[in-house]
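Chemist: 3D model of this:
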Amino acid sequence: MLEKRKVVQGFCLFGMLGVLAAGTGCGELKRLRRENQQLNENVSTLQQENAELSTKATQCESELKRLENSRKELESKLKGTGAIVRVKNGAVSVVLPDAILFDSGQTTLRPQSKATLKKIANILKSEAPNEMIRIEGHTDNDPVVKQKDKYKTNWELSAARAAAVLHYMVEECGVSPTRIYISGFGQYQPIADNKSKAGKAKNRRVEFVIVPRGGG
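Modeler: The predicted model follows:
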């Protein structure tokens with residue numbers, strides 16, 4: 001009788017362990033299914049993000065090609081003027097060394113610069129009739145000496161030079177005053193090293209930036 005009771009207890013214990021094992025297995029299966037679902041959702045999200053990035057990359061490549069084509073076309077039309085055409089911060093920019101435009105330390109346009117400015121104005125009116133044009137004045141890092149009483153720093157000097165160009169473009173070349181404005185950066189956006197005379201000459205410049213629609 002005692003032996004039968006032990007056998008029955010053994011079967012009961014075995015059954016309970018089986019139930020517990022089955023319960024543990026079901027719980028693990030549910031957890032794995034949840035993890036698998038989460039992984040599938042993550043994969044779907046990553047695929048969507050990858051598709052969006054691919055689209056943006058294609059758009060960027062297309063825009064870069066457009067800018068480079070515009071740069072080359074403008075460079076060809078300005079050949080022989082001394083202007084340099086480059087792509088700057090997502091915009092096409094026409095760079096004129098200040099030696100073409102001004103005497104040292106001055107803000108009055110040199111007479112020989114006016115033909116170049118007229119050519120640039122005509123191109124801007126025909127090739128970019130709807131874009132805004134920002135005229136930027138830039139200097140080297142030498143302090144103002146000759147007109148210190150008039151221009152306290154290179155900021156004032158660079159802005160005055162940009163303004164002189166703007167007035168000529170509007171008053172003599174017919175560029176609409178509603179689509180042109182100035183910025184004076186002084187010495188703070190160099191394109192070359194100010195340690196050499198050649199570098200300083202490159203930094204003293206006026207730039208015509210064709211501002212993309214919606215840009216600033």
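Chemist: so where's the chain uncertain?
Modeler: Applying pLDDT under 70 to the chain flags the ranges 1-24, 214-216.
Chemist: tell me the centre residue of it?
Modeler: The geometric centre of the chain, computed from its C-alpha atoms, lies nearest to residue 89 (CA atoms, centre = their mean), at 4.0 Å.
Chemist: distance of residue 49 relative to residue 136?
Modeler: 37 Å (CB to CB, to the nearest Å). Where you see a C-beta, it was placed from the backbone N, CA and C, and this is true even at glycine.
Chemist: domain boundaries for this protein, per the record?
Modeler: Domain assignment for the chain by automatic domain parsing gives 1-65, 78-211.
Chemist: phi, psi of residue 91?
Modeler: Dihedral angles of residue 91 (phi, psi; degrees, to the nearest 10) stand at phi -140, psi 160.
Chemist: close enough to count as contact, it and residue 211?
Modeler: Yes: proximity of residue 91 to residue 211 meets the contact threshold set by CB atoms under 8 Å, at 6.0 Å.
Chemist: so between the two, which is more surrounded?
Modeler: Neighbours per residue, other CB atoms under 10 Å: of residue 91 and residue 211, the larger number sits with residue 211, 20 against 17.
Chemist: contacts only, for the more buried one.
Modeler: Counting by CB atoms under 8 Å, 6 or more residues apart in numbering, residue 211 makes contact with 91, 131, 132, 133, 134.
Chemist: please produce JSON lines containing those, extended by secondary structure and distance to residue 61.
Modeler: Shown next, in JSON lines, are those (DSSP: H, G, I helix; E, B strand; the rest coil; distance: CB to CB, whole Å):
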{"residue": "91", "secondary structure": "strand", "distance to residue 61": "17"}
{"residue": "131", "secondary structure": "coil", "distance to residue 61": "22"}
{"residue": "132", "secondary structure": "strand", "distance to residue 61": "25"}
{"residue": "133", "secondary structure": "strand", "distance to residue 61": "26"}
{"residue": "134", "secondary structure": "strand", "distance to residue 61": "26"}
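Chemist: out of those residues, give me the one that has the most neighbours.
Modeler: residue 133 leads the contacts of residue 211 on contacts (other CB under 10 Å) with 22 neighbours.
Chemist: who's in contact with that residue?
Modeler: Neighbours of residue 133 in contact, by CB under 8 Å, 6+ apart: 124, 175, 179, 180, 181, 208, 209, 210, 211.
Chemist: for PyMOL, what selects the buried ones among those residues?
Modeler: Buried residues among the contacts of residue 133 (16 or more other CB atoms under 10 Å), as a PyMOL selection:
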select buried, resi 124+175+179+180+208+209+210+211
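Chemist: if we take the contacts of residue 133, which one ends up nearest to residue 155?
Modeler: Sorting the contacts of residue 133 by distance to residue 155 puts residue 181 at the head of the list, at 16.1 Å, by CB to CB.
Chemist: find the helix or strand that the closest one is a member of.
Modeler: strand 180-186 (DSSP states H and E).
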